[in-house]
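Participant: how would this look folded up:
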Amino acid sequence: MAPSNSSVSVSSTFYLTGIPGYEEFHHWISIPFCLIYIIGVTGNCSILHIVRTDPKLHEPMYYFLAMLSLTDMAMSLPAMVSLFRVLWSISREIQFNICVVQMFLIHTFSFTESSVLLAMALDRYVAICHPLRYATILTPKLIAKIGIAALLRSAIPLIPLLVRLAFFSFCRSHVLSHSYCLHQDIIRLACADIRFNVIYGMVVILMLWGMDSLGILITYVFILHSVLRIASREGRLKALNTCASHICAVLILYVPMIGLSIVHRFAKHSSPFVHIFMAHIYLMVPPVLNPIIYSVKTKQIRQGIFHLICPHKINSSAM
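Facilitator: Purely as a prediction, here's the structure:
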């Protein structure tokens, strides 16, 4: 059993939680989680391979899509490692320093994915509103700079929170309410003044997720204004169809993210299963659904998937 009331130093151990009340079924529960994770990794790796190997896809839209796939996998990997360690009864323990690193990676890549979605919205704006200048505006060099800026913008604001955590003592409990580390979960265990972390954390969320979502909304206002000026109905539908996949990706990220934040802040006394369920939806759904959506809605990606699955059929039909 995990100890519950002794002080915890930065070198001490936390204890992760699996699915409360279903501990005897953890091995069985791990099967669907494992399948979902494999599907997500396979889908994102397929998109990365297709974009890398097909010269026709060396365009801004597909570079951003590859960036989204990388971010999806980076966001879910740290959490999945500890999740499977818990479900397979390998270990529930996690050292404080490793917990902080895991928290940093999960939050950093969550914010990075939001920034990538904003960049993809700007990509759709340039493609629809300035099509003749599309390739000259969104050059590979600029896209690389956007990717680096998105990562730094997401990581640097988290540093004060990490520094603050290093000076906390944790005397209430060692037991986290999830199978991986989140900032909101860690600070609830602290026997210290956590107002800075709560307020600063909210400011970071508003400045990153809030500004990104506002930027995406404003971008689509301009896109819609431009689309409505297209004379033909077919042209308007074609222009809007190029945005459908991106809109789905935005909803897939933000809806679980908002739900998890609401549960942590305003439903603290709800069933532990609700917290666990929302936490896993938040990290597992985007990596799985994004490749599926882009494969269904994007002809070039769909053809690349068919070529990976049935290369002989594609080659024989081309002869």
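
Participant: can you tell me which helix or strand the residue nearest the centre of the chain belongs to?
Facilitator: Closest residue to the average C-alpha location of the chain: Ser110 at 4.4 Å, with C-alpha atoms, centre = their mean. Using DSSP states H and E, Ser110 falls within helix 96-129.

Participant: quick one, helices of the chain?
Facilitator: Using DSSP state H, the helices found in the chain span residues 26-53, 60-87, 96-129, 134-137, 140-155, 159-165, 183-187, 195-205, 211-227, 233-266, 272-297, 299-309, 311-318.

Participant: closest one to Leu16 among those?
Facilitator: helix 60-87 (5.2 Å; C-beta to C-beta). From N, CA and C alone the C-beta is placed, and that goes for glycine too.

Participant: The closest residue to Thr298 other than its chain neighbours and Pro291, how far apart?
Facilitator: Nearest residue to Thr298, sequence neighbours excluded (C-beta to C-beta, 6 or more residues apart in numbering): Ser245, at 6.1 Å. Distance of Ser245 to Pro291, given as C-beta to C-beta, to the nearest Å: 11 Å.

Participant: Compare these two (neighbour count), which wins?
Facilitator: Pro291 (26 against 21; other C-beta atoms under 10 Å).

Participant: any idea how far the more buried one lies from Glu113?
Facilitator: 14 Å.

Participant: now Ser12
Facilitator: Distance from Ser12 to Glu113, by C-beta to C-beta: 31 Å.

Participant: ok, these two, which is more surrounded?
Facilitator: Glu113 (26 against 15).

Participant: My guess is the more buried one contacts Met67. True?
Facilitator: No: between Glu113 and Met67 there is no contact under C-beta atoms under 8 Å: 9.2 Å.

Participant: Could you report the neighbour count for Leu289?
Facilitator: Leu289, neighbours per other C-beta under 10 Å, totals 19.

Participant: pLDDT score for it?
Facilitator: On the pLDDT scale, Leu289 is placed at 91.

Participant: dump the residue contacts of Ile94.
Facilitator: Contact analysis of Ile94 by C-beta atoms under 8 Å, 6 or more residues apart in numbering lists Thr13, Phe14, Tyr15, Leu16, Ser82, Gln102, Cys181.

Participant: ok, and the most crowded of those residues?
Facilitator: Cys181 leads the contacts of Ile94 on contacts (other C-beta under 10 Å) with 25 neighbours.

Participant: how close does that one sit to Ala79?
Facilitator: 8 Å.

Participant: Same question for Val51.
Facilitator: Distance, Val51 to Ala79, using C-beta to C-beta: 25 Å.

Participant: Hmm, Ile19 is touching His27, no?
Facilitator: No: judged on C-beta under 8 Å, Ile19 makes no contact with His27 at a distance of 11.4 Å.

Participant: Return every residue with contacts to both of those two.
Facilitator: With C-beta under 8 Å, 6+ apart, Ile19 and His27 have common neighbours Leu87.

Participant: Please say which of the two ends up with more neighbours.
Facilitator: Ile19 (19 against 10).

Participant: Let's see the pLDDT reported for the more buried one.
Facilitator: Per-residue pLDDT puts Ile19 at 80.

Participant: Please name the residues that touch it.
Facilitator: Phe25, His26, Ile29, Leu87, Phe273, Ile276.

Participant: Could you export stretch 224-237 as CSV, CA atoms only?
Facilitator: The C-alpha trace of stretch 224-237 is given here as CSV (Å, rounded to 0.1, in the frame of the first residue of the first chain):
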residue,chain,number,x,y,z
LEU,A,224,-15.7,32.4,-44.6
HIS,A,225,-15.8,36.0,-45.7
SER,A,226,-13.6,35.2,-48.7
VAL,A,227,-15.5,32.0,-49.5
LEU,A,228,-18.8,33.8,-49.6
ARG,A,229,-17.4,36.1,-52.3
ILE,A,230,-16.8,33.1,-54.6
ALA,A,231,-19.4,33.2,-57.4
SER,A,232,-20.1,29.5,-58.0
ARG,A,233,-21.7,27.3,-55.3
GLU,A,234,-19.4,24.5,-56.4
GLY,A,235,-16.4,26.7,-55.8
ARG,A,236,-17.6,27.7,-52.3
LEU,A,237,-18.2,24.0,-51.4
